[in-house]
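Engineer: Have a look; sequence and predicted model below, questions after that.
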Amino acid sequence: MKLCAYGEKGMLEDQIRCLKAAARVGNAVGQLELGKHYKRGEGVPKSYSKAAELFAKATTTVDENDHFYEVVIAEAQHHLAGCYHFGHGVEQSSTKAAELWTKAADRNYAPAQYHLGICYQRGMGMGVEQSWPKAAELWSKAADQNDREVLVNLGNCYARGLGVELSQPKSVELWTKAVSLGSNMPYLSLGFAYIHGLGVEQSTSTGVEWLEKAALLLAGGGDEDEGLAKNADAALFKLNNGHNQGVVLAGAALERVRAAGIDIPAALQRFENRMMNAQSWGAWREDCYANRRESAVLLQYLMTSYVHG
């Protein structure tokens, strides 16, 4: 949502001047957008307290019955909830954060529905009582708006029957849609689904393709070969002629597993739990990086064992 248009970096100062003028006269859009600039430190010195103050004003300076401003109020409530959740510029309060996310979610604001769903997923310390049905309900509403992170979480719910009736086909459908919208997080889940025929026709080759994608991303390479050289663990993943095929040599996998002294069933469970509990692809990658040697070995083990038996 933009109040003052600009196209070049040199015009950022003009935009900030415009937003400040709008905010001073009580314009909610100006307050919201200026608050986001202070939150990011973009064009103004970074200040969480000023951001929180502006977000709070944006939630109260307009007529809540005015449909035109519904999205403005919802977005401001969402950002202010984040301030309370993390204690940025205000005293930390999970309860206040949940209240604000609830108000924004009631306005059908997908980011708020996602975060409030996380609150209900976790429960303790999040300002609400734990409830998988409530989390799934919120994510279902946001999924209708094609929020890709929500699609991943909702797919996980259907895969395990958490708050919804268990449905592997539905989980695959949601993960696939999330990937089509640009999410990387379902790669490993889709790999497992195809390899085991969970909700889809069993296909080892398709499953391995998804696992290869997960391995490449976990290694930090994205789609760039040079990215694979950025950490030592990436050496576990060998690309043949720059393609996502023939990722590793069969013999090395089991030898590395034995050398690492990893108990495969227990390690796989830990790996799956980390994946399922992560709140975003970025969070999952960070967690896997913290356990990178085990994660890398397990991915290689999975791929080679399914390919070569």
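Structural biologist: It's in. Residues are numbered from 1 along each chain as shown.

Engineer: Can you measure across stretch 38-53, start residue to end residue?
Structural biologist: 10 Å (CA to CA, to the nearest Å).

Engineer: Can you tell me what sits against it?
Structural biologist: Stretch 38-53 is contacted from outside by 12-13, 15-16, 34-37, 54, 79-80, 83, 88-90, using CB atoms under 8 Å, 6 or more residues apart in numbering. From N, CA and C alone the C-beta is placed, and that goes for glycine too.

Engineer: got any ranges where the chain has weak pLDDT?
Structural biologist: Where the chain drops to pLDDT under 70, the residues are 1-10, 62-67, 212, 215-265, 267-268, 271-272, 274-289, 292-309.

Engineer: thinking again about what came up before, out of the contacts of stretch 38-53, the closest to S203 would be?
Structural biologist: H79 (43.3 Å; CB to CB).

Engineer: and the helix or strand hosting the closest one, what other elements does it pack with?
Structural biologist: Secondary structure from DSSP states H and E places H79 in helix 70-86. Here helix 70-86 touches helix 28-40, helix 48-58, helix 94-106, helix 110-122, going by 3 or more CB pairs under 8 Å, 6 or more residues apart in numbering; DSSP states H and E.

Engineer: nearest to L181, of those?
Structural biologist: Distance to L181, taken as CB to CB, is lowest for helix 110-122 among the helices and strands packed on helix 70-86, at 12.3 Å.

Engineer: Okay, angle between the closest one and helix 94-106 too, please.
Structural biologist: Per axes from the mean of the first three to the mean of the last three CA atoms, to 10 degrees, the angle that helix 110-122 makes with helix 94-106 is 130 degrees.

Engineer: Now do helix 110-122: everything it contacts.
Structural biologist: Here helix 110-122 makes contact (CB under 8 Å, 6+ apart) with 74-75, 77-78, 81-82, 85, 94, 97-98, 100-105, 126-132, 134-136, 138-139, 141-142, 145, 147, 149-150, 153, 279.

Engineer: One more: stretch 192-202?
Structural biologist: With CB under 8 Å, 6+ apart as the test, stretch 192-202 has contacts from 159, 167-173, 175, 203-204, 206-208, 210-211, 306.

Engineer: circling back to that earlier point, who touches the helix holding H79?
Structural biologist: By CB under 8 Å, 6+ apart, the residues outside helix 70-86 that reach it are 1, 28-29, 31-32, 35-36, 39, 48, 51-52, 55-56, 58-59, 62, 64, 88-94, 96-101, 103-104, 107-109, 111-112, 115.

Engineer: go on, stretch 91-105?
Structural biologist: 73-75, 77-78, 80-82, 84-86, 111-113, 115-116, 119, 125-128, 138, 141.

Engineer: rerun at 7 Å
Structural biologist: With CB atoms under 7 Å, 6 or more residues apart in numbering as the test, stretch 91-105 has contacts from 74, 77-78, 80-81, 84-85, 112-113, 115-116, 119, 125-128, 138.

Engineer: so Q269 is in which element?
Structural biologist: Secondary structure from DSSP H and E places Q269 in helix 264-277.

Engineer: Please point out which parts of stretch 80-87 sit buried.
Structural biologist: L80, A81, G82, C83, Y84, H85 (16 or more other CB atoms under 10 Å).

Engineer: Great, nothing more from me.
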